[in-house]
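[1] The sequence isn't on hand, but the structure is:
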């Protein structure tokens with residue numbers, strides 16, 4: 001990933017009105033959209049990949065994943081800070097992570113919003129998952145919304161929560177959604193998360209396998225096409241040689 005400076009981040013977000021302490025909910029919605037657009041919002045809802053154990057060997061992929069998370073966290077934090085007025089920037093620039101910064105702003109300002117409870121309730125029920133983004137990332141976003149229910153002492157039955165989240169699954173998950181809805185046994189929120197993670201991992205494996213098969217098919221097609229071209233060229237050479245021999249025989253007729 002290319003190195004991104006605070007100046008670069010500021011230019012990308014220049015259209016966003018700087019937050020000065022008022023109308024936090026509207027500012028947060030816009031900031032959320034922008035962070036999702038630049039693919040760094042996940043660091044607010046997904047925990048940092050853990051460090052390897054003392055005697056544990058770590059794969060290169062895991063190391064890269066953690067390094068990428070660290071860099072994206074710094075970029076995300078920079079975007080949020082650059083979306084603030086100078087006064088608020090000075091007050092919050094020492095906060096270490098994007099998640100901590102995001103949560104501090106919510107605790108400080110959303111409780112001052114007279115419509116905050118209605119906003120949180122509507123945010124959960126209006127949330128719809130979309131194709132093209134990780135389902136687990138979106139699931140974690142929903143869980144972060146539910147965490148704010150507790151902050152405001154709002155109670156919501158877990159069965160309703162699970163059923164609602166199942167209904168929010170993206171269009172490409174229609175069959176999986178129907179299978180979950182027709183289960184005889186109820187599942188809790190953690191169990192739903194496990195099912196979603198397993199299903200998403202399987203889909204990633206199938207996609208990778210399918211892409212590999214497509215690439216192999218293209219190589220085979222190219223190989224066959226090359227053989228046909230080679231055979232065609234050989235036939236043309238043989239035909240040209242035969243014509244040449246025929247011409248010689250006609251030329252040397254006594």
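    The structure has been received and is ready for your questions. Computed from a predicted model, the values in this text were never measured in an experiment.
[2] the domain parsing of this protein - what is it?
    1-113, 127-254 (automatic domain parsing).
[3] Using TSV, lay out those domains together with mean pLDDT.
    Shown next, in TSV, are the domains of the chain (pLDDT from 0 to 100):
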stretch	mean pLDDT
domain 1-113	85
domain 127-254	81
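[4] and among those, the most buried is which?
    Counting by mean count of other CB atoms under 10 Å, domain 1-113 has the highest mean neighbour count of those, with a mean of 15. The C-beta positions use only the backbone N, C-alpha and C, and glycine is treated the same way.
[5] nearest to residue 119, of the domains of the chain?
    domain 1-113 (5.5 Å; CB to CB).
[6] and the closest one, how far from the chain's centre?
    Relative to the chain's own centre, domain 1-113 is displaced by 16 Å; criterion: CA atoms, centre = their mean, to the nearest Å.
[7] Mind jotting down where the helices sit in the stretch 1-150 of the chain?
    6-12, 24-37, 42-45, 60-82, 86-92, 98-109, 116-126, 135-151 (DSSP state H, counting those that start in this stretch).
[8] Dump the domains of the chain to JSON lines, plus distance to residue 121.
    JSON lines is the format used below for the domains of the chain (distance: least, CB to CB, whole Å):
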{"stretch": "domain 1-113", "distance to residue 121": "13"}
{"stretch": "domain 127-254", "distance to residue 121": "7"}
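[9] To residue 120, which of these lies closest?
    Nearest of the domains of the chain to residue 120, taken as CB to CB: domain 127-254 at 5.2 Å.
[10] Centre of the chain to the closest one, how far?
    Centre to centre, stretch against its chain (CA atoms, centre = their mean), the figure for domain 127-254 is 15 Å.
[11] now the helices of the stretch 1-150 of the chain as TSV including distance to residue 53?
    Listed next are these as TSV, based on distance: least, CB to CB, whole Å:
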stretch	distance to residue 53
helix 6-12	35
helix 24-37	32
helix 42-45	23
helix 60-82	12
helix 86-92	34
helix 98-109	24
helix 116-126	37
helix 135-151	24
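[12] To residue 219, which of those lies closest?
    Short answer: helix 60-82, nearest of the helices of the stretch 1-150 of the chain by CB to CB, at 25.6 Å.
[13] Can you tell me which helices and strands the closest one packs against?
    helix 6-12, helix 24-37, helix 42-45, helix 86-92, helix 98-109 (3 or more CB pairs under 8 Å, 6 or more residues apart in numbering; DSSP states H and E).
[14] Figure out which of those helices is closest to residue 167.
    helix 42-45 (20.1 Å).
[15] So which residues make contact with that closest one?
    For helix 42-45, contacts defined as CB atoms under 8 Å, 6 or more residues apart in numbering pick out 35, 69, 72-73, 76, 97-99, 102, 134, 137, 140-141, 143-144.
[16] ok, now which ones touch the spatially closest residue to residue 93 that is not a sequence neighbour?
    With CB to CB, 6 or more residues apart in numbering as the criterion, residue 93 has its nearest non-adjacent residue at 5.7 Å, and that residue is residue 81. Counting by CB under 8 Å, 6+ apart, residue 81 makes contact with 89, 92, 93, 101.
[17] Residue 141 too?
    41, 45, 127.
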